[in-house]
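A.B. asks: Below is the sequence, then the predicted model.
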Amino acid sequence: MVKYILVCGGVISGIGKGVIASSTGLTLKAAGLKVTAIKIDPYMNIDAGTMAPTEHGEVYVLNDGGETDLDLGNYERYLDVSLNKDNNVTTGKVYSHVIDRERKGDYLGKTVQIIPHLTNAIQDWIERVSKIPVDGTGEEPDVCIIELGGTVGDIESMPFVEAMRQFQFRVGHDNFALIYVSLIPVVGGEQKTKPTQAGVRDLRGLGLLPDLIACRCTDTLLTATMEKVSMFCHVSPKQVLGVHNVSSTYHVPLLLQQQGMLDFLKKRLNLGEVTINDKFKKKGEEFMGRWKALTVGQERLFDTVSIVLVGKYTTLEDSYMSVVKALEHASMRCGRKLELQWVDSSDLEPHTQISNPVKFHDAWSALCSAKGIIVPGGFGHRGTEGMISAVKWAREQHVPFLGICLGFQVAVIEWARNVCGLEGANSAELVPDTPHPVICFMPEISKTHMGGTMRLGLRPTIFQDHTESSKLRRLYGSDQVAWERHRHRYEVEPKYVEQLESKKGLRFVGKDERGERMQMLELDDHPYFVALQAHPEFCSRPLNPSPPFLGLIAAACGANVLTEQIGQNENGGYVDPHPEESKVVPESEAYTEQAKGKKQSIEGVIRVRGEVDGDLQQREEQLEGVAINGDA
């Protein structure tokens with residue numbers, strides 16, 4: 001029987017439920033348990049795919065192409081697992097599911113209502129997904145962490161709260177625990193507990209009782225405050241945890257462990273009845289040991305590395321959450337503290353010099369002093385000329401550079417304009433009537449529907465012949481294939497590839513399985529200049545940094561550090577984080593004449609969905625039949 005831990009919050013949103021949920025899972029994993037996670041987002045959207053990054057933070061992409069909330073990134077990074085799109089539940093998804101069933105007549109003519117039909121659908125969804133293996137072992141998880149987004153009391157979250165109230169009885173008291181995350185504000189120098197008291201009262205009124213209260217505060221939770229929360233919220237003092245601001249969120253699992261969270265959950269959920277494999281227990285202990293070494297080591301770092309992020313959505317730092325985390329992971333591997341400067345790409349453009357000279361000067365000052373430059377993904381025309389200027393500076397001044405998705409595309413545009421002499425070269429997305437559309441709209445993508453219509457999910461990149469000396473390939477362990485997650489509608493126009501590569505220096509070192517899509521580029525005569533159409537930041541882990549990010553940080557630290565890290569990755573320092581069952585590409589057509597004569601599958605390297613036994617499609621069909629409450 002899977003054990004369930006619900007994490008919900010009160011007082012304000014954005015309080016840190018995601019980090020606490022992930023840290024709880026990590027603590028349990030360190031004890032040898034197999035852990036999965038589910039995020040509930042009460043918004044009406046089917047998924048996060050159509051949301052602007054400045055609206056809800058970054059859109060996180062999973063192996064199966066699911067576009068989800070950024071908290072799933074936290075789960076994957078902390079737990080070192082690979083989740084799927086069903087691990088993110090939204091109001092839109094559940095309503096769509098119930099309405100679809102109603103249209104099929106599954107409710108046998110009954111009046112379809114929030115209770116019981118919607119709440120039952122939520123419970124069935126959670127119970128089904130909680131049983132799906134996510135850690136590559138193929139075994140059912142022991143514990144499922146469920147995070148309920150928003151704030152208890154929100155109108156949109158009420159069906160989910162009611163579903164969880166019912167769910168605790170469905171699975172039984174020994175299999176369901178609740179962590180309530182609340183804010184302890186400081187007013188006049190005093191830690192105030194009234195908001196927490198009110199929030200717990202509301203929660204109890206809805207039929208849910210907190211087993212642990214995680215008190216978010218700026219400074220260490222005082223003993224008197226803890227006792228007051230204990231007294232007025234009807235829990236023992238050991239059930240009140242202080243989660244104060246720390247220098248890094250990587251300290252939170254250790255903070256929770258020090259306060260006895262694991263011991264409490266072992267008793268509360270009767271985890272002693274769970275059979276723990278000795279191999280998993282040993283692996284968990286090693287994992288926690290490495291985690292402690294990582295966090296303690298980070299505090300002792302003195303040397304810094306300065307990176308400038310040139311982006312479109314810098315007004316909300318959560319827009320680039322995974323990019324920042326990937327930079328942090330790489331910096332820790334290189335033994336450096338990350339100094340990240342944010343530059344709005346629009347501030348680098350000539351019009352800003354006229355409208356706001358100070359912003360223009362500050363942006364260029366930051367860019368010119370950077371030891372490394374990264375241009376991440378984005379959509380739309382705004383700020384792209386500033387990105388192109390940043391790429392030109394990095395290329396000409398030999399500053400280490402990493403381009404991701406749109407950053408890859410603007411690197412191609414800059415090379416086409418300034419090296420190949422293609423005047424006015426641009427992307428068909430940015431300037432539809434450009435004389436040289438070196439970036440084109442992908443032929444198979446819908447032009448009428450936005451949600452879920454891009455090239456999404458895990459895809460392979462094949463390193464081309466004679467790329468053995470490529471820095472990027474060597475960072476991937478010198479393997480023939482690199483698997484990364486994609487999210488884009490536009491790509492390099494195949495007709496321009498020969499012309500772009502004709503000028504010595506640039507080469508598309510990595511292409512798709514048929515060789516018609518350009519997916520990685522690299523400059524030869526440069527300390528480190530690489531760009532990827534994929535989003536490698538989504539697959540970075542604290543203990544297993546993303547290779548392109550590691551290369552950028554290492555090159556920014558110096559050529560000798562880059563050489564050292566390349567050597568380390570070539571000798572097992574990089575481990576592919578993706579389970580083998582995820583490495584299956586969807587069947588597709590060839591769109592260029594050159595590619596039409598090539599098979600999509602590559603013997604022993606690339607499998608195509610539907611052509612092999614036990615592939616992803618069959619696995620999904622099997623999972624649909626996972627027994628719930630004993631029913632097939």
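C.D. replies: That came through, no problem. Numbering: from 1, shown residues only.

A.B. asks: Give me the domain ranges for this structure.
C.D. replies: Domain assignment of the chain by the TED database yields the ranges 3-293, 303-582.

A.B. asks: And the first one, how far out from the chain middle?
C.D. replies: I take that to be domain 3-293. Remark: domain 3-293 is offset 17 Å from the chain centroid, using CA atoms, centre = their mean, to the nearest Å.

A.B. asks: Same question for the shortest one.
C.D. replies: Using CA atoms, centre = their mean, we find the averaged C-alpha position of domain 303-582 to lie 17 Å away from the chain's own average C-alpha position.

A.B. asks: The domains of the chain into a markdown table, with extra columns for distance to residue 604 and mean neighbour count?
C.D. replies: The way it works is simple: take the backbone N, C-alpha and C, and place the C-beta from them, glycine included. As requested, the domains of the chain are exported to a markdown table (distance: least, CB to CB, whole Å; neighbours: other CB atoms under 10 Å):
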| stretch | distance to residue 604 | mean neighbour count |
| --- | --- | --- |
| domain 3-293 | 19 | 19 |
| domain 303-582 | 10 | 20 |
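
A.B. asks: Kindly present those domains as TSV, with separate columns for mean pLDDT and distance to residue 593.
C.D. replies: Below are the domains of the chain laid out as TSV (pLDDT from 0 to 100; distance: least, CB to CB, whole Å):
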stretch	mean pLDDT	distance to residue 593
domain 3-293	92	28
domain 303-582	92	9
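
A.B. asks: Would you reformat the ones you listed as CSV and include distance to residue 597?
C.D. replies: Listed next are these as CSV, based on distance: least, CB to CB, whole Å:
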stretch, distance to residue 597
domain 3-293, 28
domain 303-582, 9
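
A.B. asks: closest to residue 605 out of these?
C.D. replies: Taking CB to CB, domain 303-582 is the member of those nearest to residue 605, at 5.7 Å.

A.B. asks: what distance separates the start and the end of the closest one?
C.D. replies: 39 Å (CA to CA, to the nearest Å).

A.B. asks: Determine the longest helix present in this protein.
C.D. replies: The longest helix of the chain (DSSP state H) is helix 278-299.

A.B. asks: How far off centre is that one?
C.D. replies: Relative to the chain's own centre, helix 278-299 is displaced by 22 Å; criterion: CA atoms, centre = their mean.

A.B. asks: Tell me the helices and strands packed up against it.
C.D. replies: For helix 278-299, the contact count by 3 or more CB pairs under 8 Å, 6 or more residues apart in numbering; DSSP states H and E identifies helix 17-30, helix 252-258, helix 321-333 as packing neighbours.

A.B. asks: Could you point out which of those sits nearest residue 308?
C.D. replies: helix 321-333 (11.0 Å).

A.B. asks: pretty sure residue 93 is touching residue 46, no?
C.D. replies: Yes. Here residue 93 reaches residue 46: they are 5.8 Å apart, a contact under CB atoms under 8 Å.

A.B. asks: On the three-state scheme, residue 247 is what?
C.D. replies: Following DSSP: H, G, I helix; E, B strand; the rest coil, residue 247 is assigned to coil.

A.B. asks: What distance do you get for it to residue 225?
C.D. replies: Taking CB to CB, to the nearest Å as the measure, residue 247 falls 22 Å from residue 225.

A.B. asks: Over to residue 362?
C.D. replies: From residue 362 to residue 225 the distance is 42 Å (CB to CB).

A.B. asks: repeat for residue 481
C.D. replies: The spacing between residue 481 and residue 225, counted by CB to CB, is 54 Å.

A.B. asks: same question, residue 487
C.D. replies: In terms of CB to CB, residue 487 sits 44 Å off from residue 225.

A.B. asks: Residue 192 too?
C.D. replies: 9 Å.

A.B. asks: what is in contact with those two at once?
C.D. replies: Shared contacts of residue 192 and residue 225, defined by CB atoms under 8 Å, 6 or more residues apart in numbering, comprise residue 184.

A.B. asks: How about the contacts made by residue 27?
C.D. replies: Contacts for residue 27 (CB under 8 Å, 6+ apart) come out as 253, 256, 257, 261, 262.

A.B. asks: where's residue 388, which helix or strand?
C.D. replies: Assessed by DSSP states H and E, residue 388 sits inside helix 384-396.

A.B. asks: Give the pairing partners of whichever helix or strand comes after that helix; include direction for each.
C.D. replies: Following helix 384-396 in sequence order, the next helix or strand is strand 401-404 (DSSP H and E). Here strand 401-404 is paired, per DSSP bridges, with strand 372-375 (parallel), strand 529-532 (parallel).

A.B. asks: Tabulate the helices and strands packed on helix 278-299 in JSON lines, adding columns for distance to residue 240.
C.D. replies: Shown next, in JSON lines, are those (distance: least, CB to CB, whole Å):
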{"stretch": "helix 17-30", "distance to residue 240": "14"}
{"stretch": "helix 252-258", "distance to residue 240": "12"}
{"stretch": "helix 321-333", "distance to residue 240": "29"}
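
A.B. asks: Out of these, which is closest to residue 122?
C.D. replies: Between residue 122 and those, the tightest spacing by CB to CB is seen for helix 17-30, at 17.7 Å.

A.B. asks: For that closest one, list the C-alpha coordinates in CSV.
C.D. replies: The C-alpha coordinates for helix 17-30 follow below in CSV (Å, rounded to 0.1, in the frame of the first residue of the first chain):
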residue,chain,number,x,y,z
LYS,A,17,5.5,24.3,-0.3
GLY,A,18,7.4,22.9,-3.3
VAL,A,19,10.8,23.0,-1.6
ILE,A,20,9.3,21.5,1.7
ALA,A,21,7.5,18.8,-0.3
SER,A,22,10.7,18.0,-2.2
SER,A,23,12.8,18.0,0.9
THR,A,24,10.3,15.7,2.7
GLY,A,25,10.6,13.3,-0.2
LEU,A,26,14.4,13.4,-0.2
THR,A,27,14.4,12.7,3.5
LEU,A,28,12.3,9.6,3.0
LYS,A,29,14.4,8.5,0.0
ALA,A,30,17.5,8.7,2.1
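
A.B. asks: That helix vs helix 278-299, what angle?
C.D. replies: Helix 17-30 runs at 130 degrees relative to helix 278-299, counting by axes from the mean of the first three to the mean of the last three CA atoms, to 10 degrees.

A.B. asks: which residues in the stretch 501-632 of the chain form strands?
C.D. replies: With DSSP state E, counting those that start in this stretch as the criterion, the stretch 501-632 of the chain has strands at 506-511, 518-523, 529-532, 584-585, 607-608.

A.B. asks: Quick one: list the elements packing against the last one.
C.D. replies: In terms of contact count using 3+ CB pairs under 8 Å, 6+ apart, strand 607-608 is assigned the packing partners strand 584-585.

A.B. asks: so what strands line up beside the strand it packs on?
C.D. replies: Here strand 584-585 has these sheet partners by DSSP bridges: strand 607-608 (parallel).

A.B. asks: now what about the partner strand, what contacts it?
C.D. replies: Contacts of strand 607-608 (CB under 8 Å, 6+ apart): 583, 584, 585, 586, 587, 600, 601, 615.

A.B. asks: is it true that the fifth one touches residue 601?
C.D. replies: No. Assessed by CB under 8 Å, residue 587 is found out of contact with residue 601, at 9.4 Å.

A.B. asks: who has more neighbours, these two?
C.D. replies: residue 601 (16 against 12; other CB atoms under 10 Å).

A.B. asks: Give me the pLDDT for the residue nearest to that one when sequence neighbours are not counted.
C.D. replies: In space, and not counting its chain neighbours, residue 601 is closest to residue 608: 4.6 Å by CB to CB, 6 or more residues apart in numbering. Looking at residue 608, its pLDDT reads 90.

A.B. asks: Show me the beta-bridge partners of residue 608.
C.D. replies: Per DSSP bridges, the residues bridged to residue 608 are residue 585.

A.B. asks: returning to what we had before: do you know which of the strands paired with strand 401-404 lies nearest residue 454?
C.D. replies: Of those, the one closest to residue 454 (CB to CB) turns out to be strand 529-532, at 15.7 Å.

A.B. asks: what does the closest one contact?
C.D. replies: Defining contact as CB under 8 Å, 6+ apart, one finds that strand 529-532 is touched by 394-395, 400-405, 407-408, 411-412, 461, 471-472, 484, 510, 519-523, 548, 551-552.
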